[in-house]
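Student: Sequence and computational prediction follow.
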Amino acid sequence: MSPTSTTPRPAARRRTAARRGAGIGLLAAVGAASLLAPSAASAARVTSLQPWKPTNTYLAKDDIDGRAAPQLEPRARVNHVRKGSWVRISCQTTGQMAYGSRIWDKVGDLYVPDQLLKTYTDGPLRGVPRCGAGAPAPTTPAPAPTPQAPATNALWQVAQNAAFGPRPADASRIVEDTPAETGRDGVVMLRLFIPDSQAGGRLLKGDGRGWNSFPSQSVPSRASLFWDTRTGKVSLTVDPTHISDALPGEFWGLEYRGIPGPIPGGVFWPKKYPVPSGLAGGTTRAALPITNYSSESSVRSTDFKARSNNTAAIYGSSRTDTVYVKMSLLNSVTNSIPIGAWSVDTKITIKRNPSGSFKVHTEGNGYPAVEAYYYPKVAGGSTRTLFLRRIHPWAYDRSIKVGFLPRVGTGTVDPGGGIAALDVASDLSCDSRTDGGSDCDRDGMGANPLPNLIAPDSYGTSASDTAG
């Protein structure tokens, strides 16, 4: 035999073929994996308004249930999207009104309300396909229905998180256990806000909004009060103070001037003040801490005097299913400078009637606008409007137009407050109705014509007032 006949060439060829086969199998596996799990680099997290792309991902602002159709009920899957997750929108469509919008997004194989994803627009995304018109098909089939625990109202869950979840940055909060346990699962939310975009003599930002029934802390407010009607827990949160983006050269405030003569007394007179040093436009100053007192008598007004805290007294009654809150609140900017601040001194009573309706009563002075809503826990339960303190726009615009006083001229003292915050316009009671609206009456105002101008007869609300 020749030497070449003894060389194990067939075996070598087999090993080479085996290696080639393994390489081909490995490449095929990698290729399949890349199709099933797209690269993380291909998913773009959207942090500002931009046109839709198939690879864009959007932040979920809350836990979101999925629906098979663009409507609130029924729910196909509870917690289809978890709060804080980034998800892709395959298409958008219109459907039932949800949280102030009719736009619905398709995430995976189910629809979710557009308002609960951070798309940076209240309208449809530019370039997004319309569901049902050539939209990408779901990547996975819908699972077979499985028995689910009774679903909860999504807004009730949002309200619970806003009231008793993580405290917002720079805000102050107290939580009080009261005996006001009605045995009914629900949350009442009452918020005080400034409709104007300016406040504090233009040094500060107002809330710049109208009525808004969405119970998230992301809705700008001065202070928020929540009552869990089953447990009796009550939380009070005071938001931080936001300084205007562009500070004025000087701002209007009030100065106390004594009246000469034998009769003691004085008046608050408009005066221009220089902008205090140390303020930076567009910044935020943390809210003053809240001191919770056991007695209402300890909660006192300190108008135009510096104070280091907000004060409150929170208590309740199990016999009458009522929560009582007295508060005296200050912003943390004008309170720290010589002019002081006009404290917001308000007493709030919220009562649940045996019929299931509510009565809300306010007295004392307050922010120009107050709103209160009720969120039942049961899925399908509708939000009820309990209280809207309606104010004529001019009533919270403190414009000074005094031609015969050239030193005063025309200027804005405080577009966030004005006569709308006076005690005489703040004594009000509202009873909720089963249709979602409320009926309101002025209390203790008598024949005084001023409240009739500041607080018109449109205090009563309808079910359509629940959306912001």
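Tutor: Right, received. Where do you want to start? Predicted model only: the values in this text are computed from it and were never measured. Numbering: from 1, shown residues only.

Student: quick one, phi psi at Val128?
Tutor: When read as degrees, to the nearest 10, the backbone of Val128 gives phi -80, psi 140.

Student: Could I get the contacting residues of it?
Tutor: Trp52, Ile89, Cys91, Gln92 (Cβ atoms under 8 Å, 6 or more residues apart in numbering). Quick note: C-beta positions are derived from backbone N, CA and C, even for glycine.

Student: Listing request: residues of the stretch 151-300 of the chain with sub-threshold pLDDT.
Tutor: The model of the stretch 151-300 of the chain has pLDDT under 70 over residues 252-254, 268.

Student: Can you identify each of the strands in it by residue range?
Tutor: 172-177, 186-193, 198-199, 204-205, 223-228, 233-238, 241-242, 250-258, 266-274, 284-285, 290-293 (DSSP state E, counting those that start in this stretch).

Student: Of the ones you listed, give the one that comes closest to Ser101.
Tutor: Ser101 lies closest to strand 186-193 among the strands of the stretch 151-300 of the chain, at 19.8 Å (Cβ to Cβ).

Student: now for the closest one, which elements pack on it?
Tutor: Secondary-structure packing of strand 186-193 (3 or more Cβ pairs under 8 Å, 6 or more residues apart in numbering; DSSP states H and E): helix 154-164, strand 223-228, strand 344-352, strand 369-376, strand 384-388.

Student: count of neighbours near Lys347?
Tutor: 18 (other Cβ atoms under 10 Å).

Student: Check Trp104 too.
Tutor: Counted by other Cβ under 10 Å, the residues lying close to Trp104 total 24.

Student: for the residue nearest to it when sequence neighbours are not counted, what are its contacts?
Tutor: Taking Cβ to Cβ, 6 or more residues apart in numbering, and ignoring the residues beside it in sequence, Trp104 has Pro70 as its nearest neighbour in space, at 3.6 Å. The contact partners of Pro70, by Cβ under 8 Å, 6+ apart, come to Thr93, Thr94, Gly95, Gln96, Trp104, Tyr111, Cys131.

Student: Just to be sure, Pro70 is in a helix?
Tutor: No - counting by DSSP: H, G, I helix; E, B strand; the rest coil, Pro70 is not found in a helix; it is coil.

Student: Need the pLDDT of Val107.
Tutor: In this model, Val107 is scored at 95, pLDDT.

Student: Wait, it touches Ser85, no?
Tutor: No - at 9.7 Å, Val107 does not count as touching Ser85 under the criterion of Cβ atoms under 8 Å.

Student: Looking at those two, which has the bigger crowd around it?
Tutor: Taking neighbours as other Cβ under 10 Å, Val107 and Ser85 compare with Val107 leading, 21 against 13.

Student: Check the spacing between the closest residue to the more buried one other than its chain neighbours and Leu330 real quick.
Tutor: Once flanking residues are discounted, Val107 sits nearest to Val87: 4.9 Å by Cβ to Cβ, 6+ apart. Distance check for Val87 against Leu330: by Cβ to Cβ, to the nearest Å, it reads 41 Å.

Student: which of these two has more neighbours?
Tutor: Neighbours of Val87 and Leu330, each counted by other Cβ under 10 Å, are more numerous for Leu330; the result is 26 against 20.

Student: who's in contact with the more buried one?
Tutor: The neighbourhood of Leu330, defined by Cβ under 8 Å, 6+ apart, consists of Leu288, Thr302, Arg307, Asn310, Ala341, Ser343, Val344.

Student: Looking at those residues, which is nearest Arg209?
Tutor: Comparing the contacts of Leu330 against Arg209 with Cβ to Cβ places Val344 closest, at 17.7 Å.

Student: Give the burial count for the closest residue to the closest one other than its chain neighbours, as a bare number.
Tutor: Distances taken as Cβ to Cβ, 6+ apart place Leu329 nearest to Val344, at 4.5 Å, with adjacent residues excluded. Neighbour count of Leu329, defined by other Cβ under 10 Å: 25.
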